[in-house]
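> Provide a 3D model corresponding to the input given below.
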Amino acid sequence: ALLSAVTRTPEGDALAAESAVELRRAIAALPADQARALVMAAYRGMTTREIAEAEDIPLGTAKTRIRAAMLRLHTALQSRQVGHD
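Take a look at the predicted model:
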């Protein structure tokens, strides 16, 4: 906490906020089933087995949805980053 307090800058805070907005937009653009699986895994800390049970889908489908969502996010965020350079 001390290190971040010393090294934080208004510019850094603005970039972090912008990145968070871009991430939320990218997640919102995902197909609903992929977005749900990703949010359950990343933000709620659910395992793929828990996601499969909650969504009433096979375990492999839960894994596929998370993987597909991650790939789409990577592509979307990379293309935005290239556009800013």
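> show me where this protein has its strands.
Using DSSP state E, no strands are assigned anywhere in the chain.
> pLDDT score for the residue nearest to residue 72 when sequence neighbours are not counted?
Nearest residue to residue 72 in three dimensions, chain neighbours excluded: residue 30, at 5.8 Å (C-beta to C-beta, 6 or more residues apart in numbering). From N, CA and C alone the C-beta is placed, and that goes for glycine too. The per-residue pLDDT reported for residue 30 equals 95.
> same thing with residue 18?
pLDDT, read off for residue 18, is 76.
> ok, it to residue 46 distance?
28 Å (C-beta to C-beta, to the nearest Å).
> which regions of this structure lie under the pLDDT threshold?
1-7, 80-85 (pLDDT under 70).
> how far out from the middle of the chain is the longest helix along the chain?
Using DSSP state H to define each element, the chain has its longest helix at helix 59-84. With C-alpha atoms, centre = their mean, to the nearest Å as the basis, helix 59-84 stands 8 Å off its chain's centre.
> picking up where we left off before, and residue 18 and residue 46? which has more neighbours close in?
residue 46 (17 against 11; other C-beta atoms under 10 Å).
> what's the nearest residue to the more buried one if we skip its chain neighbours?
residue 40 (4.4 Å).
> same question, residue 49
Nearest to residue 49 is residue 59, by C-beta to C-beta, 6+ apart, at 6.1 Å.
> with residue 65 instead?
residue 37 (3.9 Å).
> which non-adjacent residue is nearest residue 28?
residue 35 (7.2 Å).
> I figured the one you found was touching residue 70, is that so?
No: counting by C-beta atoms under 8 Å, residue 70 is not a contact partner of residue 35; they are 11.5 Å apart.
> look up how far residue 14 lies from the nearest residue to residue 73 once chain neighbours are set aside.
Nearest non-adjacent residue to residue 73, counting by C-beta to C-beta, 6+ apart: residue 26, 5.2 Å away. Using C-beta to C-beta, we find residue 26 at a distance of 19 Å from residue 14.
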